[in-house]
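K.L.:
take a look and give me a structure for this.
(one chain, ligands or ions: 1)
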Amino acid sequence: MDQMIRPQAPTPHPRFMVVDPAHFDVSYVINPWMDPDQWARDRETWQARARAGATDLHAALREAGAAVEIVPASPGLPDLVFPANAGIVLDRRVLPARFAHKERQGEEAPYRAAFEGFARRGLLDEVGQLPDGCFQEGAGDCIWDDRRDFFWTAYGQRSIKASLDQIAGFFGRTLVALELVNPRFYHLDTCFCPLSGGEVLYYPGAFDARGLATIREHVAADDLIEASDEDAAAFCVNAVSIDRTLIMAAAPARLKARLAERGYAVRDVDLVPFILSGGGAYCMTLRLDRARVRALLAA
Ligand code: ARG
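P.N.:
Sure thing, here's the model as predicted:
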């Protein structure tokens with residue numbers, strides 16, 4: 001049993017990468033949520049609503065005290081709006097993703113260019129590289145847990161098991177591996193979200209008995225907050241956590257009340273157009289200042 005939790009680390013000025021939604025579209029199907037037919041029936045309306053949703057998401061991040069770095073859109077890369085999949089960042093080092101589906105492989109170059117740009121501006125120190133064919137879809141499948149001082153890392157849907165050694169080698173950090181067994185929850189961030197107070201919001205239906213046992217081994221029963229089917233389908237587990245604020249897609253009232261009891265305020269955003277692509281608030285961001293150093297200083 002390892003349920004050691006560190007004292008809460010302050011987050012002085014979080015910084016997030018987001019992508020301009022100008023070329024967001026739902027034009028292919030690589031996960032069970034994607035619905036190009038519904039999208040095509042009213043493309044212009046969806047696109048306008050997507051722009052409004054992204055603008056409100058950026059406002060929510062700024063309200064929570066974050067800086068927002070907006071990367072330009074690229075024509076023909078509709079899913080570039082989901083930079084949680086761009087790479088894994090810790091302590092000013094980034095390990096860029098390798099995408100499993102050919103539909104998204106074209107995103108690797110613009111994401112790398114964005115990281116190199118951040119490095120030139122002094123926001124990152126090093127841009128790494130995964131070997132060819134070592135599929136790993138960034139922070140969507142590798143979530144840093146500030147309070148427990150390790151990465152929760154997933155494989156089985158998009159990221160492959162062989163990526164675990166690469167991540168551990170690059171960052172020199174401990175990983176706790178979880179297999180994803182449900183195609184509806186194809187990235188870890190769709191079903192698993194560590195909160196700043198040490199709780200974990202998660203959707204049990206995404207894991208098998210072994211995965212659930214691993215979660216329970218590291219998280220005390222009191223700290224486990226189960227998302228309902230409705231919460232998970234509303235993409236509310238896919239939340240951006242900044243101190244006591246949780247930014248997420250429009251949330252069921254009951255989930256908001258349960259989180260409020262624990263001292264968390266939900267700031268929800270209309271992200272329905274992005275849910276038609278299988279993504280929510282966390283998917284649309286990448287935290288650039290994720291730092292172990294800060295947690296150590298606070299300890
Ligand atoms: N359509 C995108 C895909 O299937 C959605 C990605 C959502 N991102 C995430 N981190 N869950 O790849």
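K.L.:
so for the helix or strand hosting residue 116, mean pLDDT?
P.N.:
Residue 116 belongs to helix 108-120 when assigned by DSSP states H and E. The pLDDT scores in helix 108-120 average 98.
K.L.:
quick one: the helices in this protein?
P.N.:
Secondary structure of the chain (DSSP state H): helices at 36-41, 43-63, 102-105, 108-120, 163-171, 209-218, 229-233, 253-261, 272-275, 292-298.
K.L.:
turn those into JSON lines, including distance to residue 79.
P.N.:
Using the backbone N, CA and C atoms, a C-beta is placed for each residue, glycine as well. Rendered in JSON lines, the data for these read as follows (distance: least, Cβ to Cβ, whole Å):
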{"stretch": "helix 36-41", "distance to residue 79": "12"}
{"stretch": "helix 43-63", "distance to residue 79": "12"}
{"stretch": "helix 102-105", "distance to residue 79": "5"}
{"stretch": "helix 108-120", "distance to residue 79": "11"}
{"stretch": "helix 163-171", "distance to residue 79": "19"}
{"stretch": "helix 209-218", "distance to residue 79": "26"}
{"stretch": "helix 229-233", "distance to residue 79": "20"}
{"stretch": "helix 253-261", "distance to residue 79": "26"}
{"stretch": "helix 272-275", "distance to residue 79": "10"}
{"stretch": "helix 292-298", "distance to residue 79": "29"}
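K.L.:
can you redo these as TSV with distance to the ligand and mean neighbour count?
P.N.:
As requested, these are exported to TSV (distance: least, Cβ to the nearest ligand atom, whole Å; neighbours: other Cβ atoms under 10 Å):
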stretch	distance to the ligand	mean neighbour count
helix 36-41	11	13
helix 43-63	13	17
helix 102-105	6	15
helix 108-120	13	17
helix 163-171	15	18
helix 209-218	17	14
helix 229-233	12	16
helix 253-261	19	14
helix 272-275	8	22
helix 292-298	22	14
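K.L.:
of all the ones you listed, which lies closest to residue 141?
P.N.:
Counting by Cβ to Cβ, residue 141 lies closest to helix 163-171 out of the helices of the chain; the figure is 7.9 Å.
K.L.:
for residue 157, give me its contacts.
P.N.:
Contacts for residue 157 (Cβ atoms under 8 Å, 6 or more residues apart in numbering) come out as 180, 183, 185-187.
K.L.:
closest to residue 146 out of the helices of the chain?
P.N.:
Taking those one by one with Cβ to Cβ, helix 292-298 is closest: 5.4 Å.
K.L.:
for that closest one, what does the pLDDT average out to?
P.N.:
64.
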